[in-house]
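Participant: For reference, the sequence and a predicted model appear below.
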Amino acid sequence: MKPTLKTFSTTVRAHLDIEMLVNCPHCDYLIDLLNEGDTNRYCHNDDGYLIRQMFPKNSTHEDFECEDITCGICKKKFNVRGLEW
Ligand SMILES: [Zn+2]
């Protein structure tokens, strides 16, 4: 049977899954800044703070920043500056 447009008319939702990865500078653990389980239960994306910086309006990805991150493994703190795509 030849496929018709109706054959392909099923519509589904897309699912966007974002990870924002950084290696802890102290223990090298791979941390997802968007996963509170990796950042000692602290939400760094409050009010979309990190996601909004993915699409800078008047700045560049070099200006991306996230401060006072606590590594979920070694509990030491560090900052992130700059975002690579
Ligand atoms: Zn660490």
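Facilitator: The structure has been received and is ready for your questions. Numbers count the residues shown, from 1 in each chain.
Participant: Give me the buried positions along stretch 77-85.
Facilitator: Applying a neighbour-count criterion of 16 or more other Cβ atoms under 10 Å, one finds F78, V80, L83 buried in stretch 77-85. C-beta here means a position set from N, CA and C on the backbone, and glycine is covered the same way.
Participant: Tell me which residues touch the residue nearest the centre of the chain, please.
Facilitator: Centroid-nearest residue in the chain, with Cα atoms, centre = their mean: M20, separated by 2.9 Å. By Cβ atoms under 8 Å, 6 or more residues apart in numbering, the contact set of M20 is D32, L33, L34, L50, L83.
Participant: For burial, what's the neighbour tally of the first one?
Facilitator: Residue neighbour count, defined by other Cβ atoms under 10 Å, stands at 15 for D32.
Participant: Contacts only, for it.
Facilitator: D32 sits next to E19, M20, L21, D38 when contact means Cβ under 8 Å, 6+ apart.
Participant: Is stretch 56-71 in proximity to the ion?
Facilitator: Yes. Judged by Cβ under 5 Å from the ion, stretch 56-71 and the ion are in contact via C71.
Participant: which residues of the chain score low on pLDDT?
Facilitator: Applying pLDDT under 70 to the chain flags residues 1-7.
Participant: tell me, how many neighbours does V22 end up with?
Facilitator: Counted with other Cβ under 10 Å, residues neighbouring V22 total 19.
Participant: What's opposite it in the beta bridge?
Facilitator: In this entry, V22 is beta-bridged to I31, by DSSP bridges.
Participant: so it makes contact with R81?
Facilitator: No. Distance between V22 and R81: 10.5 Å, which falls outside the contact criterion (Cβ atoms under 8 Å).
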